[in-house]
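requesting a structural model of the entry that follows:
(one chain, ligands or ions: 2)
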Amino acid sequence: MDKTVIARTPEEMEEIGVDLAATLDHGMIVSIIGPLGAGKTTLVKGIAKGLLITEAVVSPTYLLARDYDGTIPLHHLDAYRVDSLRELDEVGLVDLLPPETGVSVIEWPERIDGLVELSDLLVQIDHQLADERVVTVRQTTPIARESRGRTPHSTPPEGRS
Ligand SMILES: Nc1ncnc2c1ncn2[C@@H]1O[C@H](COP(=O)(O)OP(=O)(O)O)[C@@H](O)[C@H]1O
Ligand SMILES: [Mg+2]
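Ligands and ions are numbered 1, 2, ... in the order given. The predicted structure is shown next:
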């Protein structure tokens, strides 16, 4: 079932992340969808806080992924500059989808075919008036869940080279 929360400030967005962190476990993929400046990285900072990560979380945009140690490891991925699954595969990041240990949280997951469907949690951030953000958290359906294990790696999208 979907859960919708309003974040009126960056601090409120972080709090949503803290709450979300309590529901996370090893092997999970969390997709965060929303336009540039929506607050995706801010939400990940909250998730990191909830996982008791003390290191500062910075956007992984240029590195594609950053790992942090907390109560469970956090793998923070950003697919903004990724054009294909192949690129993720080349840098070994497909192993994080899903991760063996820890949780993978990914910004711009919609840029990679099939990834949103593999996610355990789908967070959509709608940027509306001024600083207000509408955050919808959706647990994936049992059907999507059953397909887990079939990672994008083992089922590459057709028509791509
Ligand atoms: N309610 C809010 N929730 C999250 N961020 C907000 C909010 N209001 C203002 N902001 C600001 O918007 C920006 C969001 O940036 P960031 O989290 O990096 O977005 P994204 O990763 O989606 O591009 C930050 O500068 C943050 O301070
Ligand atoms: Mg970001």
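
switch to C-alpha atoms for all contacts and neighbour counts from now on
Fine.

would you mind measuring the gap between the ends of stretch 101-109?
This stretch, stretch 101-109, spans 20 Å end to end (CA to CA, to the nearest Å).

and it, how far from the chain's centre?
4 Å (CA atoms, centre = their mean, to the nearest Å).

quick one: residues in contact with that stretch.
24-34, 40-41, 44, 72-80, 96-98, 115-116 (CA atoms under 8 Å, 6 or more residues apart in numbering).

just the buried ones from those, in PyMOL syntax?
Selecting only the buried entries of these in PyMOL, with 16 or more other CA atoms under 10 Å as the criterion:
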select buried, resi 24+28+29+30+31+32+33+34+40+41+44+72+73+74+75+76+77+78+79+80+96+97+98+115+116
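
near ligand 1, from the contacts of stretch 101-109?
40, 41 (CA under 6 Å from any ligand atom).

so of the contacts of stretch 101-109, which ones are in helices?
Residues of the contacts of stretch 101-109 located in helices (DSSP state H): 40, 41, 44, 115, 116.

strands - which of the contacts of stretch 101-109 land there?
Counting by DSSP state E, the part of the contacts of stretch 101-109 found in strands is 29, 30, 31, 32, 33, 74, 75, 76, 77, 78.

of all the ones in helices among the contacts of stretch 101-109, which comes closest to residue 136?
residue 40 (12.2 Å; CA to CA).

surely that closest one touches residue 125?
Yes. The criterion here is CA atoms under 8 Å, and residue 40 meets it with residue 125 at 7.4 Å.

name the residues contacting each of those two.
Common neighbours of residue 40 and residue 125 (CA under 8 Å, 6+ apart) are 32, 33, 34.

can you put these in a markdown table and add distance to residue 88 and pLDDT?
Listed next are these as a markdown table, based on distance: CA to CA, whole Å; pLDDT from 0 to 100:
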| residue | distance to residue 88 | pLDDT |
| --- | --- | --- |
| 32 | 17 | 98 |
| 33 | 18 | 98 |
| 34 | 21 | 97 |
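
of those, just say which sits nearest to ligand 1.
Closest to ligand 1 out of these is residue 34 (6.1 Å), distances taken as CA to the nearest ligand atom.

list the contacts of the residue lying closest to that closest one once chain neighbours are set aside.
Among residues not flanking residue 34 along the chain, residue 125 sits closest, at 4.9 Å (CA to CA, 6 or more residues apart in numbering). Applying CA under 8 Å, 6+ apart, we find residue 125 in contact with 32, 33, 34, 35, 38, 39, 40, 133, 134, 135, 136.
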